Every structure is written in structure tokens, then in C-alpha cells.
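Asks: sequence? don't have it. structure:
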């Protein structure tokens, strides 16, 4: 970083020196002639748009990964419930109950926490219980199916939590905001002082578009806490199906958790 700053400062000094000493030899125009402020605003506006576009693509990629991970985790939990049908009756009931509680904990506890880029310990309680039950069927054909589904669930949850944190550092957002302010001020400086209604309207539209783009970047970079957030639709559907399968042979009181996914008090 220091090297970049040093090179940029040297380039600026070299440019100013060239303007002072080389320009008289290379250009025959008067010293007062040359580029004006409005000639420099075009490249500045282009730079601002390119920066916003690049960061928007980055934020959108993180949003897409978060959505894919959330769906993948739900499919893995659903596969766990389906694979449990091949387990002995005692283990089948435990696995299905733990899957219901895990889904509830993700939806009720971890999803709200992800709005602040954090996770929750609640789902880990039930994933630990699941692995404890898996040891009871070790050596049986269903063991590999259960472990494979649980590994997929764990990987997808980890990816979901990773994408819940902001992928764009705050310093970059502040830099973009500063660039937007400088660009708008430069454009405002270059418009005429009189008979400028059309220019003012255009400047207002440009400001609104640049501001909206920056707001979208900020919102998309928080996939679980912004206006355009990812809803727990997939895990909710899996929870509903797993609950239905469990209640086909048991009562709601047999579930080891409450509606929030927390373990019931003994």
C-alpha cells in the first residue's frame, strides 16, 4: 500500500513539473489555455460509475452464495429426515426430532442473529445430538447416508454464516461515499449559474442514481438483514415436513424442544 501511495505522489509531482517545465517547449498555446474543470469531470464520473459497478457485482455475488447455501442446508436437513426412515425405530425418532429442533433453531434463533452478521449456538445443540445418535447406528448401511447428509448440512451452514458477514469492508463504502460526494460537487460546479433548470434536473437524477446504487450495495451486502433480505423459506418448509413425519407416530410433547428451537426444561 505504501508503494502505491508513493508512486501516485511521485506521478502527481512529475505531472506538475512537466506542466511547469516541459509544457512551454511542447505546446505553443498560451499559458492560460488548457483543460478546464468540466473537462476533468467526465473521467471522474466514469471512475465513480465503474467503482460502484464493480463493488455491486461483488456484493451481489455474496448475496447469491448466501441464498444457495441456505437452500443447500435445507435440502441436507430434508435428506437427513428421509435417510432416517432406513434407521431402526428408536434412532429414527431421535433423528427426526433433532432435525425438527435444528430447523426451528435456525429459523427462530440464528436467522435474526444473522441480521447483525452473527450466528447462534442453538442449532449446534441439535447437530451435536444428531452425531451422538449416528454413533448408535455405526456399522449399519444407513450410517453412511446419515453422515453424508450431515456433512453437507454442516458445510452449507458454515457457508451461510460466512456470507452473513459483510463482504465489503467499511473503508471501501466510505471511500465510495466520498467519491460520490466529490463527483456531485464537481458536476454542480460546472453547470451554468443561469438558465440551468435542465442541468439541475439532470444533476439531481444523476445524484439519485448514484445514491440508489450505493444504497443497493449496502443492502445486498447484508443478505440477511437488509431490505432485500433472504427469508428462511426453505428451512421453514423442511421444518414443516419433518414435523409432519415425526407427528405421524408421536405427539408434540415428545419433541425435545419448544417452538423456538430451545431444549425443553426437564
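Replies: Good, I have the coordinates. Not measured: the values here are computed from a predicted model.

Asks: got the contact list for residue 43?
Replies: For residue 43, no contacting residues are found, by CB atoms under 8 Å, 6 or more residues apart in numbering. C-beta coordinates here come from the backbone N, C-alpha and C atoms, glycine included.

Asks: could you shift the numbering so residue one becomes 114, and keep it that way?
Replies: Renumbered: residue one is now 114, and that last one reads residue 156.

Asks: which secondary structure element contains it?
Replies: helix 150-196 (DSSP states H and E).

Asks: what's the mean pLDDT across that helix?
Replies: Helix 150-196 comes out with an average pLDDT of 85.

Asks: same question for stretch 307-326.
Replies: 82.

Asks: pull out the buried residues from it.
Replies: Within stretch 307-326, the residues scored as buried using 16 or more other CB atoms under 10 Å are 316, 319, 320, 323, 326.

Asks: and the third one, that's in a strand?
Replies: No: according to DSSP: H, G, I helix; E, B strand; the rest coil, the state of residue 320 is helix, so it is not within a strand.

Asks: in this structure residue 213 contacts residue 370, no?
Replies: Yes: at 7.4 Å, residue 213 counts as touching residue 370 under the criterion of CB atoms under 8 Å.

Asks: neighbour count for these two, which is higher?
Replies: A direct count of neighbours by other CB atoms under 10 Å for residue 213 and residue 370 places residue 213 higher, at 27 against 21.

Asks: can you classify the more buried one by secondary structure?
Replies: The three-state assignment at residue 213 reads helix, by three-state DSSP.

Asks: mind listing what it touches?
Replies: 352, 355, 356, 359, 368, 370.

Asks: now, among those residues, which is nearest to residue 195?
Replies: Closest approach between these and residue 195, by CB to CB: residue 355, at 9.6 Å.

Asks: could you report the neighbour count for the closest one?
Replies: Residue 355 has 26 nearby residues by other CB under 10 Å.

Asks: quick check: it touching residue 190?
Replies: Yes: with contact taken as CB under 8 Å, residue 355 and residue 190 are classed as touching, separated by 7.2 Å.

Asks: which neighbours do these two share?
Replies: Counting by CB under 8 Å, 6+ apart, the shared contacts of residue 355 and residue 190 are 212, 216.

Asks: just the strands from the stretch 214-363 of the chain, written as ranges.
Replies: With strands called from DSSP state E, counting those that start in this stretch, the stretch 214-363 of the chain shows none.

Asks: related to what we said a few turns ago, how far off centre is the helix holding residue 156?
Replies: 7 Å (CA atoms, centre = their mean, to the nearest Å).

Asks: what do you get for stretch 324-338?
Replies: 9 Å.

Asks: same deal with stretch 337-351?
Replies: Relative to its parent chain, stretch 337-351 has a centroid offset of 13 Å by CA atoms, centre = their mean.

Asks: quick one: contacts of it?
Replies: 176, 179-180, 183-184, 186-188, 190-191, 194, 212, 216, 219-220, 224, 227-230, 277, 329, 331-333, 335-336.

Asks: which of those residues are buried?
Replies: By neighbour count, with 16+ other CB under 10 Å, the contacts of stretch 337-351 hold 176, 179-180, 183-184, 186-188, 190-191, 194, 212, 216, 219-220, 224, 227, 277, 329, 331-333, 335-336 as buried.

Asks: tell me which helix or strand in the chain has the weakest average pLDDT.
Replies: When each helix and strand of the chain is scored by mean pLDDT, DSSP states H and E, helix 136-139 comes last, with a mean of 58.

Asks: how far away is residue 340 from residue 276?
Replies: As for residue 340, its distance to residue 276 is 17 Å (criterion: CB to CB, to the nearest Å).

Asks: compare neighbour counts for those two and give me the winner.
Replies: residue 276 (25 against 10).

Asks: now do the more buried one, the pLDDT please.
Replies: With respect to pLDDT, residue 276 has a value of 89.

Asks: so who does residue 370 touch?
Replies: Residues in contact with residue 370 (CB under 8 Å, 6+ apart) are 210, 213, 214, 217, 218, 239, 376, 377.

Asks: the residues you listed in helices, which ones?
Replies: 210, 213, 214, 217, 218, 239 (DSSP state H).
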